[in-house]
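In: need a structure here:
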Amino acid sequence: MKRRLFALPGLALALLLGFGASAQAKDTIVVGVTPFPHRAIMEKAAPLLKAKGYDLVIRDFSDYVQPNIALAEGSLDANFHQHIPYLDTTKVQRGLDLTWVAKVHIEPLGLYSKKIQNISELKKGDIISLPNDPSNGSRALRLLAAHGLITLKDKDLVTVRDVVDNPLGLKLVELDAAQLPRTLVDVTASVINTNFAVQGGLIPIRDALLIEDADSPYVNVVVVRTSDRDQPWVRALVEAVNSPEVRAFIVDDLASRGIVPAFDVPAAEPAAK
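Out: Numbers count the residues shown, from 1 in each chain. As a prediction, the model looks like this:
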């Protein structure tokens, strides 16, 4: 006997096919990370999310490209592995509709010296070494400019040729980034990446005369699909990674490895009398 199929109204058909599943409360958040320090920070956020009713699943990636693709395609809910300039470039190059929702930490460039204790001690003709690759060289120059040591042309990526004012006549010497800690005995000061500074026995939060802060565009951020940015689970994720517990973890456990928190925890409101 043949069975006759009847057309169902749109809503009834949607319910029959499981439309209601997408409207159910989300209870699992899948986040893609690169290993250090992103996994460690997310692991610290996991129990805070659990207390809000969300299980956190952390998936590891060994490169920077795939976490953005996986997020855009829907196999991740969020990712945490990149700074804002990298995200912006990738969005344009690959046509991805992604948005950062929380600043978490920075792996900062800092200005270090074995000869002076404060930038006010810099004098005419002092030598400052800095990375010679375009990205970090530009970051280094912007750090110096942010503190009034030089003035730069208004460009996205700057080099020493873009210095338009140098009141102290500082000699800016570009060298391989990995060699910079060794130059501290020969130069007045050096702008050094966190990983190389730590390898050289320096702790940014303790030893840097100048350091990139939360206003730097190179802050590492949590990223979601733009369509999800107002979801309750995104708010919960932001609260967790910007919590007092995570900030304390970064300061107490990661600062010695060069990681600096890029967010402040709001002061608690006084208890009502």
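
In: ranges for the strands of the stretch 101-250 of the chain?
Out: Remark: strands assigned in the stretch 101-250 of the chain by DSSP state E, counting those that start in this stretch are 110-112, 127-131, 151-152, 163-165, 171-175, 189-192, 210-211, 220-225.

In: what comes up buried for the fifth one?
Out: So the one you mean is strand 171-175. Of the residues in strand 171-175, 172-173, 175 count as buried by neighbour count, 16 or more other Cβ atoms under 10 Å. C-beta coordinates here come from the backbone N, C-alpha and C atoms, glycine included.

In: could the residues you listed be laid out in CSV, adding pLDDT?
Out: Converted to CSV, those look like this (pLDDT from 0 to 100):
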residue, pLDDT
Leu172, 98
Val173, 98
Leu175, 96
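
In: and the pLDDT for the residue positioned nearest the centre of the chain?
Out: Centroid check for the chain by Cα atoms, centre = their mean gives Asn220 as the closest residue, at 0.4 Å. pLDDT recorded at Asn220 is 96.

In: go ahead and confirm it touches Ala102.
Out: No - look at Asn220 against Ala102 with Cβ atoms under 8 Å: they stay out of range, at 9.8 Å.

In: could you give the mean pLDDT of the helix or strand where Thr89 lies?
Out: Following DSSP states H and E, one finds Thr89 within helix 84-94. The average of the pLDDT scores along helix 84-94 is 93.

In: name the helices or strands packed onto it?
Out: Packing contacts for helix 84-94, counted by 3 or more Cβ pairs under 8 Å, 6 or more residues apart in numbering; DSSP states H and E, involve helix 65-73, strand 98-106, strand 220-225.

In: related to what we said a few turns ago, need the contact list for the residue nearest to the centre of the chain.
Out: Neighbouring residues of Asn220 by Cβ atoms under 8 Å, 6 or more residues apart in numbering: 38, 80-83, 103-107, 262.

In: with neighbour count and distance to Gly32 added, can I get these in a markdown table?
Out: Compiled in a markdown table, the contacts of Asn220 are given as follows (neighbours: other Cβ atoms under 10 Å; distance: Cβ to Cβ, whole Å):
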| residue | neighbour count | distance to Gly32 |
| --- | --- | --- |
| His38 | 24 | 9 |
| Phe80 | 26 | 7 |
| His81 | 24 | 7 |
| Gln82 | 23 | 10 |
| His83 | 19 | 16 |
| Lys103 | 21 | 18 |
| Val104 | 26 | 14 |
| His105 | 25 | 17 |
| Ile106 | 26 | 20 |
| Glu107 | 23 | 18 |
| Ala262 | 25 | 20 |
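
In: what is the most widely separated pair among these?
Out: His81 and Ala262 (14.7 Å; Cβ to Cβ).

In: isn't Met42 up against Leu56?
Out: Yes - if you go by Cβ under 8 Å, Met42 and Leu56 touch, sitting 6.7 Å apart.

In: which residues do the two both contact?
Out: Joint contacts of Met42 and Leu56 (Cβ under 8 Å, 6+ apart) are Val31.
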